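Chemist: Turn this into a model:
(2 chains)
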Amino acid sequence: GNSVTQMEGPVTLSEEAFLTINCTYTATGYPSLFWYVQYPGEGLQLLLKATKADDKGSNKGFEATYRKETTSFHLEKGSVQVSDSAVYFCALKNSGYSTLTFGKGTMLLVSP
Amino acid sequence: NAGVTQTPKFQVLKTGQSMTLQCAQDMNHNSMYWYRQDPGMGLRLIYYSASEGTTDKGEVPNGYNVSRLNKREFSLRLESAAPSQTSVYFCASSELASDSYEQYFGPGTRLTVT
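Modeler: Presented below is the predicted three-dimensional model:
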């Protein structure tokens, strides 16, 4: 079956540091890929997506590039803020189904 | 436009009790989902409804039942609660557009079974 593997957290950074959260996947074909973010006490919300190989998704200063050669979709941000503290989930769309497979999530903690 | 709403926000049950978690969406989406979130396990799909009138099992359906009451509402029922069902439950909805496929999540229900 399909699976998504994310780096374990928590990731702790100082404000303005560079962020990378690794995500790799196993799936048949070339699924659409997503990053969701969950702020404390809230549900998940879509951060960015990419629907085909070499696409770059971007939003709120975050970016991720769909790399089919390495089956990866790493999340990056050049300068994090305290308000970016949250749990980040990588996900893929399961081919032929209206469902997503999520990674286990990576907590990001940014200190002033 | 409230998006996805869930009730209740918090619930404490005793082992063996039953309850129904309610979910409604006002975005006219065809598909709806129930997930549970546990520490270190991420989100796991319990049941989903691809369209009104259909329901399918997800990764962890045991101990749960669902009802797609109409296009707006999708409920999750625990017939006989167990401590292993202590979790945060999220409902989500989506529309199967050609390349969008964004799922919209509710705020969650925190359930404790003692």
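Chemist: Sheet partners, orientation included, of the one helix or strand in chain A whose mean pLDDT sits lowest?
Modeler: Of all the helices and strands that make up chain A, strand A:100-102 has the lowest average by mean pLDDT, DSSP states H and E, namely a mean of 92. Sheet pairing for strand A:100-102, assigned by DSSP bridges, gives strand A:86-93 (antiparallel).
Chemist: what sits up against the least confident helix or strand of chain A?
Modeler: A:1-4, A:27, A:34, A:36, A:89-94, B:42-45, B:103 (Cβ atoms under 8 Å, 6 or more residues apart in numbering or on different chains). Any C-beta I mention is one placed from the backbone N, CA and C, and that applies to glycine too.
Chemist: what do you get if the cut-off is 10 Å, keeping everything else the same?
Modeler: A:1-4, A:6, A:25-27, A:31-34, A:36, A:44, A:89-94, B:33, B:35, B:37, B:41-45, B:48, B:59, B:92, B:94, B:101, B:103 (Cβ atoms under 10 Å, 6 or more residues apart in numbering or on different chains).
Chemist: Give me the helices and strands touching the lowest-mean-pLDDT helix or strand in chain B, please.
Modeler: Within chain B, no helix or strand scores below strand B:103-105, which has a mean of 92 by mean pLDDT, DSSP H and E. Helices and strands touching strand B:103-105, as assessed by 3 or more Cβ pairs under 10 Å, 6 or more residues apart in numbering or on different chains; DSSP states H and E, comprise strand A:33-38, strand A:44-50, strand B:4-7, strand B:31-38, strand B:87-94.
Chemist: Against which helices or strands is the following helix or strand past the shortest one packed?
Modeler: In this case it means strand B:4-7. Next in sequence after strand B:4-7, counting helices and strands by DSSP states H and E, comes strand B:10-13. On a contact count with 3+ Cβ pairs under 10 Å, 6+ apart, strand B:10-13 meets strand B:19-25, strand B:109-113.
Chemist: Can you pull up the most central residue in chain B?
Modeler: In chain B, the C-alpha nearest the mean C-alpha coordinate belongs to B:W34, at 2.6 Å (Cα atoms, centre = their mean).
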